[in-house]
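Colleague: Here is the input, now give the coordinates:
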Amino acid sequence: MNEQSLLQLRTAIHRFLKLDDAEWAKLVPYLEERQLAKHGLFAVEGKTAHEVGFILDGNMRHYYTRDGEEKTTYFYFEGHFVSSYMSCLTGRPSELTIEALTDCTLLVFKYKDLLKLYDLSHKWERFGRLLSEYLAIGLEQRMVGLLMLSPEERYLQLLESNKHKIIERIPQHYVSSYLGITPVSLSRIRARLLKK
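Modeller: Residues are numbered from 1 along each chain as shown. Modelled structure (predicted):
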């Protein structure tokens, strides 16, 4: 684990709140650098999750399985935290799977160690609250998009958002699953928009 990796994580945490060196040093002993090969799994449906990851390099997706069909609902890129957070919070088996779409490098820490930091420091407790709020906002935005927008509106929203990495780096069949449509429907939407 090198200084650059640690700096990437510290910078990401600073988007939520600033930590002085003493506060930051409380997390460092719990960090582990991990390599995950393409198609490797970070969280598995049906197994209780215990870890939070921070992606240093690569991209991942999380998906749910229904009747044997995978429903992709989120993508993660470098600079993102990744976890089956609901499973960590509740101690229940994960309802989702998180898969590496490329070879990935992560910094990983156990959720129970984050709980220890909450007891040691109000700053870390505040980080946990802000992270949970961030995840709740993302979840609600995603739910509103799926329930209130047409597939074409969802695609346009994706094009106009700050999520260009999804269009640029994710295979089309995963993008269509993320939008809640078939790859054929996505091709039709793209063709229709090109004509406009």
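
Colleague: How far off centre is the longest helix anywhere in the chain?
Modeller: In the chain, taking DSSP state H as the definition, the longest helix is helix 122-148. Centroid separation between helix 122-148 and its chain, computed with Cα atoms, centre = their mean, to the nearest Å, is 12 Å.

Colleague: Now do the buried residues in it.
Modeller: 123, 124, 127, 131, 145 (16 or more other Cβ atoms under 10 Å). Quick note: C-beta positions are derived from backbone N, CA and C, even for glycine.

Colleague: Residue 85 versus the closest residue to the first one other than its chain neighbours, what's the distance?
Modeller: What sits nearest to residue 123 in space, not counting adjacent residues and going by Cβ to Cβ, 6 or more residues apart in numbering, is residue 23, at 5.0 Å. Taken as Cβ to Cβ, to the nearest Å, the spacing of residue 23 relative to residue 85 amounts to 22 Å.

Colleague: before we move on, what about residue 110?
Modeller: 13 Å.

Colleague: list the residues that contact both of those two?
Modeller: By Cβ atoms under 8 Å, 6 or more residues apart in numbering, residue 110 and residue 85 have these common neighbours: residue 52.

Colleague: Those two - which one has more neighbours?
Modeller: residue 85 (19 against 14; other Cβ atoms under 10 Å).

Colleague: Test my guess that the more buried one contacts residue 52.
Modeller: Yes: using Cβ atoms under 8 Å, residue 85 is in contact with residue 52, at 7.4 Å.

Colleague: still on that earlier bit, what's the closest of the buried residues of helix 122-148 to residue 80?
Modeller: residue 131 (11.6 Å; Cβ to Cβ).

Colleague: Skip the chain neighbours and tell me the closest residue to the closest one.
Modeller: Per Cβ to Cβ, 6+ apart, closest to residue 131 is residue 16, 6.3 Å.

Colleague: for this protein, what spans make up the strands?
Modeller: 32-36, 41-43, 51-57, 60-66, 69-76, 81-82, 97-100, 104-110 (DSSP state E).

Colleague: Switch those over to TSV; also include mean pLDDT and distance to residue 187.
Modeller: Formatted as TSV, those follow (pLDDT from 0 to 100; distance: least, Cβ to Cβ, whole Å):
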stretch	mean pLDDT	distance to residue 187
strand 32-36	97	31
strand 41-43	97	29
strand 51-57	96	29
strand 60-66	94	20
strand 69-76	92	17
strand 81-82	94	29
strand 97-100	97	24
strand 104-110	97	29
